[in-house]
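In: Prediction below, plus the sequence it came from.
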Amino acid sequence: MEVVITILALLFVAFVALGVYAGVKVVGAARRGVDRTITQARRTVEETTLRAKSYGQPGVPGELAQLRLTLRTSMRATQDALHAGLAEDASLSESLGLFERLSVHGRELDDELKRLEREPDRATVASLLPGLKERTQRITHSAESLRWAARDRARQFADDDLDALNAQIDVEAGALRHWTVEEPQASTRTHDWSQGQDEPQQQSQGDAGRGDRDGTRPDASGQADTDTPQAITAADPRRAAGYPWQKSARPETTN
């Protein structure tokens, strides 16, 4: 009885622990989802604000907003392209590592541009704009190089796979269309029959030749008919074949 109670207690503890673990995982997943949602919403609001400033505010504030918007757009596009390609091409892991190092410089530049937006000394900020534009161009150019290289690599793999698939389809289509009609050949039986038909003719010609040499000529039955006259024997009237309804001839009597 004690063993049964112990087993039930262990099962209860195991179920409780499993429930707590599942609850923690669910709460963590929900929290991460909420964080992603908040981050996405904050990013959308910030980019909308920057877009509005770049078009609505002239001068230094508008230029700073345009630099931040260009930097963020380029970096995000490169990050999405690398992460999407990494699922199919593991060799992009090194490119992703380089992008992470580039992202450090990009975040530093974005933070600096963000601080300068609140700087009241517009003249000093205006003097810094050429250097800020150059840094932005260098970072975005590097990001674009990685992004387009990853896209070109993915497109090349797709083209190679498509070429191989087209070649296989052409081979299969050729195999499906490949059929041959064999020429009818004379069977052995027909050939033997032809020889069998020729043999009697050759044999008849041979008999005819022998008959000509011997002075005899074979008749229709194949027997030789001699040209020398034969003795004629009188037919016996008693042996003459008659019809069944005929009467027998009576012999003549002499007085």
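Out: Received it, and whenever you're ready, just let me know what you need.
In: quick one: low-confidence parts of the stretch 1-150 of the chain?
Out: Applying pLDDT under 70 to the stretch 1-150 of the chain picks out residues 32-36, 39-40.
In: hmm, try it at 90
Out: 1-62, 65, 84-94, 117-123, 150 (pLDDT under 90).
In: show me where the chain has strands.
Out: Here the chain has its strands, by DSSP state E, at 216-218, 224-226.
In: give me the number of residues near residue 76?
Out: 13 (other Cβ atoms under 10 Å). Using the backbone N, CA and C atoms, a C-beta is placed for each residue, glycine as well.
In: Model confidence for residue 240, exactly?
Out: As predicted, residue 240 sits at a pLDDT of 51.
In: and if you look at the one 5 residues further on?
Out: The per-residue pLDDT reported for residue 245 equals 40.
In: Equivalent analysis for the one 5 residues further on, please.
Out: On pLDDT, residue 250 comes in at 53.
In: the helices in this protein, which residues?
Out: 2-56, 60-86, 92-117, 122-177, 188-214 (DSSP state H).
In: list the buried ones in the second one?
Out: What that stands for is helix 60-86. By neighbour count, with 16 or more other Cβ atoms under 10 Å as the criterion, the buried positions of helix 60-86 are 60-72, 74-75, 78-79, 81-82, 85.
In: Show me what it packs onto, helices and strands only.
Out: helix 2-56, helix 92-117, helix 122-177 (3 or more Cβ pairs under 8 Å, 6 or more residues apart in numbering; DSSP states H and E).
In: Can you add mean neighbour count and give those helices back as a markdown table?
Out: Below are the helices and strands packed on helix 60-86 laid out as a markdown table (neighbours: other Cβ atoms under 10 Å):
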| stretch | mean neighbour count |
| --- | --- |
| helix 2-56 | 11 |
| helix 92-117 | 15 |
| helix 122-177 | 13 |
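In: the domain parsing of the chain - what is it?
Out: Domain segmentation of the chain under automatic domain parsing yields 1-56, 58-171.
In: Take these and lay them out in a markdown table including distance to residue 178.
Out: Shown next, in a markdown table, are the domains of the chain (distance: least, Cβ to Cβ, whole Å):
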| stretch | distance to residue 178 |
| --- | --- |
| domain 1-56 | 57 |
| domain 58-171 | 10 |
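In: wait, what's in contact with the residue nearest to residue 56 when sequence neighbours are not counted?
Out: Nearest residue to residue 56, sequence neighbours excluded (Cβ to Cβ, 6 or more residues apart in numbering): residue 62, at 7.4 Å. By Cβ atoms under 8 Å, 6 or more residues apart in numbering, the contact set of residue 62 is 53, 54, 55, 56.
In: Distance to residue 147 added to these, as a markdown table?
Out: What follows is those, written out as a markdown table (distance: Cβ to Cβ, whole Å):
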| residue | distance to residue 147 |
| --- | --- |
| 53 | 26 |
| 54 | 22 |
| 55 | 25 |
| 56 | 29 |
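In: Surely residue 122 and residue 57 touch.
Out: No: when contacts are counted by Cβ atoms under 8 Å, residue 122 is not listed as touching residue 57 (11.6 Å).
In: which residues does the closest residue in space to residue 117 that isn't next to it in sequence contact?
Out: Distance criterion Cβ to Cβ, 6+ apart; nearest residue to residue 117, sequence neighbours excluded, is residue 64 at 5.2 Å. Shown in contact with residue 64 (Cβ under 8 Å, 6+ apart): 113, 116, 117, 125, 129, 132.
In: swap the cut-off to 10 Å and go again
Out: Listed by Cβ atoms under 10 Å, 6 or more residues apart in numbering, the contact set of residue 64 reads 50, 53-54, 57, 112-117, 119, 125, 128-129, 132.
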